[in-house]
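Asks: A predicted structure for the sequence below; I have some questions about it.
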Protein chains: 4
Amino acid sequence: MPDRETIDAVRDDLAAIDDRIERGTALNCGDRVADLADGELLEDDRTVGETVERLRADYERFRRENDLDEVVVVNVASTEPPVDDPERYDSRDAFEAAVADDDRDLPASALYAYAALAEGHPYANFTPSAGSSLGGLRGLAAAEGVPHMGNDGKTGESLVKAALGPMFAGRNLRVRSWEGHNILGNTDGRVLEDEANKAGKVESKGDILDGILPDVGHNRVRIDYAPSLSDWKTAWDYVHFEGFLGTEMTLQFTWEGSDSALAAPLVLDLVRLLAEADRRGEGGLQTHLASFFKAPVGVDEHGLSRQFDMLDEYVDARVRGGDPPRPPSAE
Amino acid sequence: MPDRETIDAVRDDLAAIDDRIERGTALNCGDRVADLADGELLEDDRTVGETVERLRADYERFRRENDLDEVVVVNVASTEPPVDDPERYDSRDAFEAAVADDDRDLPASALYAYAALAEGHPYANFTPSAGSSLGGLRGLAAAEGVPHMGNDGKTGESLVKAALGPMFAGRNLRVRSWEGHNILGNTDGRVLEDEANKAGKVESKGDILDGILPDVGHNRVRIDYAPSLSDWKTAWDYVHFEGFLGTEMTLQFTWEGSDSALAAPLVLDLVRLLAEADRRGEGGLQTHLASFFKAPVGVDEHGLSRQFDMLDEYVDARVRGGDPPRPPSAE
Amino acid sequence: MPDRETIDAVRDDLAAIDDRIERGTALNCGDRVADLADGELLEDDRTVGETVERLRADYERFRRENDLDEVVVVNVASTEPPVDDPERYDSRDAFEAAVADDDRDLPASALYAYAALAEGHPYANFTPSAGSSLGGLRGLAAAEGVPHMGNDGKTGESLVKAALGPMFAGRNLRVRSWEGHNILGNTDGRVLEDEANKAGKVESKGDILDGILPDVGHNRVRIDYAPSLSDWKTAWDYVHFEGFLGTEMTLQFTWEGSDSALAAPLVLDLVRLLAEADRRGEGGLQTHLASFFKAPVGVDEHGLSRQFDMLDEYVDARVRGGDPPRPPSAE
Amino acid sequence: MPDRETIDAVRDDLAAIDDRIERGTALNCGDRVADLADGELLEDDRTVGETVERLRADYERFRRENDLDEVVVVNVASTEPPVDDPERYDSRDAFEAAVADDDRDLPASALYAYAALAEGHPYANFTPSAGSSLGGLRGLAAAEGVPHMGNDGKTGESLVKAALGPMFAGRNLRVRSWEGHNILGNTDGRVLEDEANKAGKVESKGDILDGILPDVGHNRVRIDYAPSLSDWKTAWDYVHFEGFLGTEMTLQFTWEGSDSALAAPLVLDLVRLLAEADRRGEGGLQTHLASFFKAPVGVDEHGLSRQFDMLDEYVDARVRGGDPPRPPSAE
């Protein structure tokens, strides 16, 4: 947690932000979120199309009132339940028709993403919710040249998994069970107590290993709400693996991190990098940002170091004018 | 541990190897090894030059009696105390003069390495002892075109460190303390109870982090002998790091591995790769083998994934005839 | 795991036991057990009264064929789903009427227990299933003077909880969260994947802390099936507690035990102690055996050391003929 | 750590205490303490007798200036190196002769303890230093009826050991290795980097297990200084034990505690309990305080729950006027 001096120093800024918070939408965010919102924000009195118009107007007012040249939209809301049959929104036309037809299966995250992309604002999805990853929104972003990327910020346990997974793969140590157990105490944890919301999160976390270790055996992730931890998230992972002559061995780790302090610098860097891509006219999926995400859209590489290399190479190419990637150093 | 069926299946081969074991040398291997060897093998009755001649004759007899085309020498003996002033052996001439002058500061590992390289046998140093890393021996290997590499097999705790270190570096999470504690129960553990022998090991283990995290704070490695663990080695590492706004967080891990089952496949692969390099006429330091070692001689890169890439690129270039390294995969 | 020598030494005995295994009943053992039993053992073709008669006959034949003076019955079957409204079986009359009326809500464990007690055989319930803990069976055992005790063998994680809990209580360190996560790979684990079966187990494990730490905050136990662990059970517990001036601190532990090797000696000792009580004519609940159980019936004391004292005092009083210095707290 | 509000609330009291701190003595506190004290406090210009007189005068002035009825002295200084041949101070006469003869082997902790007891002030030794445990001082305390107790506050890792040890003993699970590793970042840690100072601490910590598990195998405790942890002390303990049929299993725990927040309430309770004993005229060793100490002087019982019972029984007897049902085992 930041100490009181730090909080005091930004108190006025925080208060000012308070005035800029708009009434949002919680359409299809799950029962738990509906409870937390006291049943409001469910758009009962408004069509989906009207909601989208309202979000677009909110973005524009925010831009104008703060006299900004550009706005980057980042989704850091709690995890939504997964969308059923996402392929029905696979084209821009299909998505826009659904909005026009008041299709009430569309989740809030996709409406926010659509509103952003339609306004030309770069967009990042820091959650496992649908966001801009629906086919129709990816098509829109590519066609209009708006940079975007997701899904699900890789802040804690999954970061460690992405670092450790390639070690097992590279040494041919077969992982027979990888059991991960997370406890956290903030509102995210409270929302994830709902099995429907949890489903999206657990899938996104599990995918990392499947991407790195194709023959992983048992691979399970648990997330539990433990209120006393407040903003802290503790993960215990137990890895049972097999080496030479079938010898069984184990690795376990415990990660104790502040969820917000881990997410904040990633969000700041994403905003900077998306804004830079926008200035350079580089629209569509920003795959070089894979290292920021648990389930990077359009990227097969889940190993952390290679993902870092992708980012380094992107930055180097722009800064140095296109020199080749740095070769491994050796005498 | 391999089960009884496996051991039964190789019992005859193991018995046959028993006959090929030669009386070695324990010169400058430290008091603990001298004790374990009942005070023998200290070469009191023989000059250093005579010892070298005997080792060369042992290699040649082994080759001849087993009707081999080629022999690869691997040092898997217990850790020696570090050599004082290793730079006095920095040239081939200086090293050979020391042998000729019966310089009794030369450690056993360097004599074995010298005997191997002088006979044209590829050599790997799987320990933190001096082995072939003295300047004079590196010069000899380069001049004579004999492939070699070291030091210190990266089997357990240090493997995990090399996988995790780049995660902290890539996310700018400053490591304030990294404390590692190892317990093991085999003869290696017994030898490492001696502070002099331990010194070399601890330095080699600590260097990994220094190579990856230049501003690491406290960085200590402990190794303790716990006889009941027999061949198992358990490591607990505690990492205290600092993120956004100075937020302090921790990662800890416990690794439980069978030392021999982890080392054996690395030794087999090293032998194959060194023999292959020898057949191709690629002499000198084999830096693409960095991923096998805690303190890879002549290599600055300590990140595990990049070291794996170095090996992949070497193999790909030879197999595929020189295609460039695999680019990160993205849509 | 016992090594092959040990298994070879008892191979003939194990084979002989194979012949004595009878077809049992799986009434109300849950869907998962029904699946494992291929849908058999559900007593579709037999009344509850007939099942009880068959179990009594099985016990008697076992006693006669093995020429035994006495038989002790121990329930080590997989966990059943909890009984709804157990108070309807609170008197012996009610229980026996239910048997006579073919009440198909009665679970297998209670039928085995009833058959044992009715035959005068001492009984131990090593599981969290109902067993002999229903009021009607406790009444029967007391009236007929048959010794019995349960529930749920305290073998692993819960043993550690019972040892650590009094430390927090005695030092007034308030536990704000105690999260326990168990993974195991045997048939027990497979059965516990079913939420209904798991319910009974998790409750029994959670009760220990509630008994020791009346103001414990969040107290959750998870049990997951990880097939690769086979008979091993690994538990990770995370304790978040508060000390002087609200200072927040943590304790976490990882227990790795062989479920069978931990249970076997407890079962042997229970059999010996129940047989001894029977010989002495000490019927009813054997509360001095509390240390063997997660949820000792009729005992409020959950602290492990005090439970050990209860056993020591019982044994001392009988061996030394002295009075127990402190009576166990019991109903 | 207490939050800023708490510290603000006691700021004036803390400032007032600052004025009451006296120049102490660091005689035989080891090189590290001498360094920290810039070489002062070594009593080069003063005899041991003069130092004792000064300490007595300091106590008296403190009492008088604060208008107190009674003063309790508690040693919370950093650990001293162990005293050689402590039996030379086994009688009060021998000790007082040593003081009179300016015996410069006497450590500071014993001088403080002597000064306290001679003044009639109750005394607690919260460290593993000699303090009042020398035979001569115990004799003095008994003869003069001054209550005292020690040694070494049982705050963290050793508290957990005392809770867990009886579990292994009571279940006949033979501990083959118990390896404990502590890291801490305060001045205590800095002093314990010195091998001489560490010797006393490690011995006191190791004794707990020896007292509970007579056949424990390997039993080692390490303490390392990790500055970034500041007042926090993290312990990792690895227990390798053997159960039924020689099955090898493990328990490991990590304790993360604030050293001061754990010690402070114990010091407060010790002061209250010693003052109460003094008012009741109960002098000499206060063995019912065993639960507060790692190495309770005059007490063989190391199990934590039994030590708690000793305290409960003492308090109950005094409050309720009843006789203690079980006398504490003590000299």
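Replies: Received it, and whenever you're ready, just let me know what you need.

Asks: In PDB, list the C-alpha atoms belonging to stretch A:220-232.
Replies: What follows is stretch A:220-232, C-alpha atoms only, in PDB (Å, rounded to 0.1, in the frame of the first residue of the first chain):
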ATOM      1  CA  ARG A 220      -6.600 -26.300 -12.200                       C
ATOM      2  CA  VAL A 221      -6.900 -22.800 -10.800                       C
ATOM      3  CA  ARG A 222      -9.000 -21.900  -7.800                       C
ATOM      4  CA  ILE A 223      -9.900 -18.300  -6.700                       C
ATOM      5  CA  ASP A 224     -11.300 -17.700  -3.300                       C
ATOM      6  CA  TYR A 225     -12.500 -14.500  -1.600                       C
ATOM      7  CA  ALA A 226     -10.800 -14.000   1.800                       C
ATOM      8  CA  PRO A 227     -12.000 -10.500   3.000                       C
ATOM      9  CA  SER A 228      -9.300  -9.900   5.500                       C
ATOM     10  CA  LEU A 229      -6.600  -9.700   2.800                       C
ATOM     11  CA  SER A 230      -8.300  -6.600   1.300                       C
ATOM     12  CA  ASP A 231      -6.200  -5.500  -1.700                       C
ATOM     13  CA  TRP A 232      -3.700  -8.400  -1.300                       C
END
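
Asks: Now do whichever residue of chain A sits closest to chain D against B:Tyr225, distance only.
Replies: Closest approach between chain A and chain D, counting by CB to the nearest CB: A:Arg4, at 5.4 Å. The way it works is simple: take the backbone N, C-alpha and C, and place the C-beta from them, glycine included. Per CB to CB, to the nearest Å, A:Arg4 is found 48 Å from B:Tyr225.

Asks: same deal with A:Trp255?
Replies: Look at A:Trp255 and B:Tyr225: by CB to CB, they are 30 Å apart.

Asks: got it, and A:Ser78?
Replies: To B:Tyr225, A:Ser78 is 50 Å away according to CB to CB.

Asks: Centre of the chain to the one helix or strand A:Arg32 maps to, how far?
Replies: Element membership for A:Arg32, per DSSP states H and E: helix A:31-36. Remark: helix A:31-36 is offset 21 Å from the chain centroid, using CA atoms, centre = their mean, to the nearest Å.

Asks: moving C-terminal of that helix, what's the next helix or strand?
Replies: helix A:48-65.

Asks: So is the next helix-or-strand element following that next one next to chain B?
Replies: Using DSSP H and E, the next helix or strand after helix A:48-65 towards the C-terminus is strand A:73-75. No - using CB under 8 Å from any CB of the partner chain, strand A:73-75 stays clear of chain B, with a minimum separation of 15.8 Å.

Asks: Which other helices and strands does strand A:73-75 contact?
Replies: If contacts are counted by 3 or more CB pairs under 8 Å, 6 or more residues apart in numbering or on different chains; DSSP states H and E, strand A:73-75 sits against helix A:108-119, strand A:123-125, helix A:259-279.

Asks: Local confidence estimate at A:Gly200?
Replies: Here, the pLDDT recorded for A:Gly200 equals 76.

Asks: That one and A:Arg88, how far apart?
Replies: 17 Å.

Asks: Can you pull out the low-pLDDT segments for the stretch 1-150 of chain A?
Replies: A:1-2 (pLDDT under 70).

Asks: switch the cut-off to 80
Replies: A:1-4, A:19, A:38-44 (pLDDT under 80).

Asks: residues from it in reach of chain D?
Replies: Checking the stretch 1-150 of chain A against chain D by CB under 8 Å from any CB, the hits are A:Arg4.

Asks: which residue ranges form the helices in the stretch 201-331 of chain A?
Replies: Applying DSSP state H, counting those that start in this stretch to the stretch 201-331 of chain A gives helices spanning A:259-279, A:304-319.

Asks: of these, which approaches A:Arg176 most closely?
Replies: Among the helices of the stretch 201-331 of chain A, the nearest to A:Arg176 by CB to CB is helix A:304-319 (22.1 Å).

Asks: So the nearest residue to A:Glu157 once chain neighbours are set aside versus chain C, what's the distance?
Replies: Closest residue to A:Glu157 apart from its sequence neighbours, by CB to CB, 6 or more residues apart in numbering or on different chains: A:Ala235 at 3.6 Å. As for A:Ala235, its distance to chain C is 10 Å (criterion: CB to the nearest CB, to the nearest Å).

Asks: Give the bridge partners for A:Ala235, please.
Replies: Listed beta-bridge partners, A:Ala235: A:Asn182, A:Trp255 (assigned using DSSP bridges).

Asks: wait, doesn't it sit right on A:Asn182?
Replies: Yes - counting by CB atoms under 8 Å, A:Ala235 touches A:Asn182, with 4.6 Å between them.

Asks: Am I right that A:Asp105 falls within a strand?
Replies: No - under DSSP: H, G, I helix; E, B strand; the rest coil, A:Asp105 falls outside any strand and is assigned coil.

Asks: what residues go with each domain of chain A?
Replies: Annotated domains of chain A cover A:4-153+A:262-306, A:157-258 [automatic domain parsing].

Asks: which bits of the stretch 151-300 of chain A sit near chain D?
Replies: Listed as neighbours of chain D in the stretch 151-300 of chain A under the rule CB under 8 Å from any CB: A:Thr254.

Asks: List, one by one, the residues from the stretch 151-300 of chain A near chain C.
Replies: Checking the stretch 151-300 of chain A against chain C by CB under 8 Å from any CB, the hits are A:176-177, A:179, A:181, A:183, A:217-218, A:220, A:222, A:224, A:226-229, A:234, A:236, A:238, A:240, A:250, A:252, A:254, A:256.
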